[in-house]
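>>> From the sequence below, what's the structure:
(4 chains)
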2 protein chains.
Amino acid sequence: MTVNAAQIDGKSCAVFQRTLERVGQRWSGAVLYAAVGGARRFGEYRRTVEGISDRMLALRLKELERDGFLVREVIPSTPVQVLYRPTPAGAELIAALQPLGDWGHKHLAELPD
Amino acid sequence: MTVNAAQIDGKSCAVFQRTLERVGQRWSGAVLYAAVGGARRFGEYRRTVEGISDRMLALRLKELERDGFLVREVIPSTPVQVLYRPTPAGAELIAALQPLGDWGHKHLAELPD
DNA sequence: CGGCATCCGTTATGATACTG
DNA sequence: CAGTATCATAACGGATGCCG
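Residues are numbered from 1 along each chain as shown, chains lettered A, B, ... in the order given. Below you'll find the predicted structure:
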């Protein structure tokens, strides 16, 4: 279902606002976006999401897991591996974020800061 | 150009992060999203974006204008009308936001809070 | 490797009241 | 109608160090 583009009502806007509050937190979207290729390890997220601190990454991963966008998988190898894999809902959300990423590449890929 | 979905690199993630920092601020996305139908007045945004305060709305509109997503138009009627109209870049951004809105309608339209 | 706890300044933002 | 000013508070988020 596509929202009527002619005029946005308060309900639609509220839903959108709630959606954005889930991925709009600082780093949340970037972490989720980094999971686009499938499950990744903690350290991979850390390397991919440049500038994020351990603290924030752990925090965001936990929130994304709580919200049902990622699932945490512990693989008892040595050293231990911890994977965060997108759920179906998470994968759909990531897909919905894709156009935003494309917009960024088009409009501010070359800009400083 | 669509980003390679197999594996996100740091650069793409950084661009995405910068993009999200522009619309992920509290209320920013919702205000922009409310402009999907074209130019609207200050009071219309206020009514559409439920829960936002005058202060935040004025702040966000100013930022969205500064970032080149909206243009402010003053129409000297009585009482005065002030319109905020999406620029081409703004319209593209709004369009990129649409899938996110659709995701919200599908996944959390009925949820409380 | 994959975290968590603590400290602590900075920023964000809500309420309220006022203006051209 | 379309904002602006001021204030108090809460939340954010970076740095650092420790742990299984």
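
>>> now the angle from the top helix by length along chain A to helix B:88-108?
Longest helix in chain A, counting residues (DSSP state H): helix A:88-108. Here the directions of helix A:88-108 and helix B:88-108 differ by 180 degrees (axes from the mean of the first three to the mean of the last three Cα atoms, to 10 degrees).

>>> Is any residue of helix A:88-108 near chain B?
Yes. Residues of helix A:88-108 contacting chain B under Cβ under 8 Å from any Cβ of the partner chain: A:89, A:92-93, A:95-108. C-beta coordinates here come from the backbone N, C-alpha and C atoms, glycine included.

>>> Next: stretch A:35-46.
Yes. Applying Cβ under 8 Å from any Cβ, one finds stretch A:35-46 in contact with chain B at A:36-37.

>>> Need the distance between the two termini of that stretch.
End-to-end distance for stretch A:35-46, by Cα to Cα, to the nearest Å: 12 Å.

>>> Run through who's touching it.
Here stretch A:35-46 makes contact (Cβ atoms under 8 Å, 6 or more residues apart in numbering or on different chains) with A:31, A:34, A:48, A:52, A:54, A:57-58, A:61, A:70, A:73, A:81-86, A:90, A:94, A:98, B:5-8.

>>> any idea how far that stretch is from the chain center?
Mean C-alpha position of stretch A:35-46 versus that of the full chain (Cα atoms, centre = their mean, to the nearest Å) differs by 11 Å.

>>> now stretch A:62-82
For stretch A:62-82, the separation from the chain centroid amounts to 15 Å (computed by Cα atoms, centre = their mean).

>>> can I get the CA coordinates of that stretch in PDB?
C-alpha atoms of stretch A:62-82 as PDB (Å, rounded to 0.1, in the frame of the first residue of the first chain):
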ATOM      1  CA  LYS A  62      20.600  -4.000  21.700                       C
ATOM      2  CA  GLU A  63      17.800  -1.600  20.700                       C
ATOM      3  CA  LEU A  64      17.600  -3.000  17.200                       C
ATOM      4  CA  GLU A  65      17.300  -6.400  18.600                       C
ATOM      5  CA  ARG A  66      14.700  -5.300  21.100                       C
ATOM      6  CA  ASP A  67      12.700  -3.700  18.300                       C
ATOM      7  CA  GLY A  68      12.800  -6.900  16.400                       C
ATOM      8  CA  PHE A  69      15.000  -5.800  13.500                       C
ATOM      9  CA  LEU A  70      18.000  -7.900  14.300                       C
ATOM     10  CA  VAL A  71      18.600 -11.200  16.000                       C
ATOM     11  CA  ARG A  72      21.600 -12.000  18.000                       C
ATOM     12  CA  GLU A  73      23.400 -15.300  17.400                       C
ATOM     13  CA  VAL A  74      26.300 -16.600  19.500                       C
ATOM     14  CA  ILE A  75      28.600 -19.000  17.800                       C
ATOM     15  CA  PRO A  76      30.800 -20.800  20.400                       C
ATOM     16  CA  SER A  77      34.000 -20.900  18.400                       C
ATOM     17  CA  THR A  78      37.300 -19.600  19.700                       C
ATOM     18  CA  PRO A  79      37.200 -16.800  19.900                       C
ATOM     19  CA  VAL A  80      33.500 -16.500  20.200                       C
ATOM     20  CA  GLN A  81      31.500 -15.000  17.300                       C
ATOM     21  CA  VAL A  82      28.500 -12.900  17.800                       C
END
